[in-house]
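> Have a look at this prediction, sequence included:
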Amino acid sequence: MSTAVDRHLVLVGMMGSGKTTVGRALAARLGRPLLDSDALIEAREGRTVRDIFAADGEDSFRAIETEVLVQSLANSEPAVIAAAGGVVLRAENRSALRGSRARVVWLRADPAVLVERVTGGPHRPLLDDDPEGVLQRMYAEREALYREVADAIVTVDGRSVNEVVEAVLR
């Protein structure tokens, strides 16, 4: 039986929910590497998420996202994995998360809070035209999917990074 010490900790949630920021703090606290999906994708492809979307389309990006998730979960060293926001959209990713020994935590945030956090962000091509409307639709589409893969749910609204880290560790 695996313990929390030898399992990956995967953070899932909408863009802007704090996966990277909380992930960094958790990784430092636990003495583990942070595997950030978006950063890994950009390093592997040599271009930004925005550029991948523009040149190759969302389907190509999602395929790369799947490869990076599977590679991260296969890493033998326990890590904190900040999964890309849309990782739950593909059934194969949800299956990989559920089938892994990882502990999956959904960082849940109200879409109105997310709008404040992400508007004008450089690497969020899905939000270019209508950030608030898109985030509301994404939340409605993804809520059940995040719930499906999550071992725990931590609401981030109105909490400091430290408070979220403490909640995740509990």
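Yep, that arrived. From a predicted model like this one, the values you see are computed outputs, not experimental measurements.

> what's next to the lengthiest helix in the chain, contact-wise?
For the chain, the longest helix by residue count, based on DSSP state H, is helix 131-149. Contact with helix 131-149 is made by 12-14, 16, 85-86, 88-89, 94, 97-98, 104, 106, 108, 111-112, 114-115, 118-119, 126-127, 153, as judged by Cβ atoms under 8 Å, 6 or more residues apart in numbering. The C-beta positions use only the backbone N, C-alpha and C, and glycine is treated the same way.

> which residue ranges form the strands in the chain?
Applying DSSP state E to the chain gives strands spanning 9-12, 34-36, 80-82, 103-108, 152-155.

> Could you list the buried residues of the second one?
Buried residues in strand 34-36, counted by 16 or more other Cβ atoms under 10 Å: 34, 35, 36.

> mind giving me TSV with these and columns for distance to residue 64 and pLDDT?
Listed next are the buried residues of strand 34-36 as TSV, based on distance: Cβ to Cβ, whole Å; pLDDT from 0 to 100:
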residue	distance to residue 64	pLDDT
34	19	98
35	14	97
36	14	96
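
> right, and out of the residues you listed, which lies closest to residue 170?
residue 34 (19.9 Å; Cβ to Cβ).

> What separation do you get for the nearest residue to the closest one once chain neighbours are set aside and residue 61?
Setting aside the residues directly before and after it, residue 34 is nearest to residue 27 in space (Cβ to Cβ, 6 or more residues apart in numbering), at 3.9 Å. Distance, residue 27 to residue 61, using Cβ to Cβ, to the nearest Å: 24 Å.

> Between these two, which has more neighbouring residues?
Counted by other Cβ atoms under 10 Å, residue 27 and residue 61 do not tie: residue 61 has more neighbours, with 22 against 19.

> I'd like to check the angle between the longest helix of the chain and strand 103-108, please.
Comparing the axes of helix 131-149 and strand 103-108 via axes from the mean of the first three to the mean of the last three Cα atoms, to 10 degrees yields an angle of 150 degrees.

> can you tell me which residues contact the residue nearest to residue 34?
33, 34, 79, 80.
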